[in-house]
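Colleague: sharing a sequence plus its predicted fold:
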Amino acid sequence: MFVVTWFAGLFYIVRLYVNHTEALQKPEPHKTILVSQYKKMERPLWIGITYPSMILTVIFGSIMLYMQPVLLYASYMQLKLALVALLLVYHFYCGWLYKKYQHDQAVCSSFALRVLNEVASVFLVGIVFVIELAHRLNFLYFVIAMVGFCLLLLYAIIKFRNARKRTEGN
């Protein structure tokens, strides 16, 4: 349950950063109204849901490994833990962004944030892929699948951006 809420929080918080960034570009009074609302939405999501879910996921995952330490020797578990470690880096980067946005400091473009928003998807797919194919996992196929998935996501993001620009231009 905590893994699901953690990922949901990571998906949504970066989407809020996209909207927050775009709101900072709006003229007054829209800017003030929207930015205030995004700050109010970001705070309970990050402090009340995403961060506690990450902590509880790490605690329960650690307990599982403590109870079954033999799992640490399985190559699939080592790969999964590497992905989880990178996910934690991503989480703390999102936390750094949270602090910046609480002070109305946009450090990324909305396009960069849209790309960043898909990073959690990459981790989710990678971790599920590793667990589902634990005993049939071929590292080369895993890398090829993940690169393909990332390229597909990037293609979709660029197509969406171009369609959005055409729509805004009309």
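Modeller: The structure has been received and is ready for your questions. Everything numeric here is computed off the predicted structure, so don't read it as measured data.
Colleague: and the residue most central in space within the chain, how close does it get to residue 10?
Modeller: In the chain, the C-alpha nearest the mean C-alpha coordinate belongs to residue 120, at 3.1 Å (C-alpha atoms, centre = their mean). Distance of residue 120 to residue 10, given as C-beta to C-beta, to the nearest Å: 4 Å. The way it works is simple: take the backbone N, C-alpha and C, and place the C-beta from them, glycine included.
Colleague: next, show the common contact partners of these two.
Modeller: Residues touching both residue 120 and residue 10 (C-beta atoms under 8 Å, 6 or more residues apart in numbering) are residue 90.
Colleague: who are the packing partners of the longest helix seen in the chain?
Modeller: What stands out as the longest helix in the chain, according to DSSP state H, is helix 139-169. Applying 3 or more C-beta pairs under 8 Å, 6 or more residues apart in numbering; DSSP states H and E, we find helix 139-169 packed against helix 75-102, helix 110-117, helix 119-132.
Colleague: what about the ones you listed, which gets the closest to residue 3?
Modeller: helix 119-132 (8.7 Å; C-beta to C-beta).
Colleague: flag every buried residue along the closest one.
Modeller: Buried residues in helix 119-132, counting neighbours by 16 or more other C-beta atoms under 10 Å, are found at 119-120, 122-127, 129-130.
Colleague: which of the residues in the one helix or strand in the chain whose mean pLDDT sits lowest are buried?
Modeller: Lowest mean confidence among the helices and strands of the chain (mean pLDDT, DSSP states H and E): helix 139-169, at a mean of 82. Burial within helix 139-169, assessed by neighbour count using 16+ other C-beta under 10 Å, is assigned to 142, 146, 149-150, 153.
Colleague: starting at the chain centroid, how far to it?
Modeller: For helix 139-169, the separation from the chain centroid amounts to 15 Å (computed by C-alpha atoms, centre = their mean, to the nearest Å).
Colleague: and the angle from it to helix 110-117?
Modeller: Here helix 139-169 runs at an angle of 150 degrees relative to helix 110-117 (axes from the mean of the first three to the mean of the last three C-alpha atoms, to 10 degrees).
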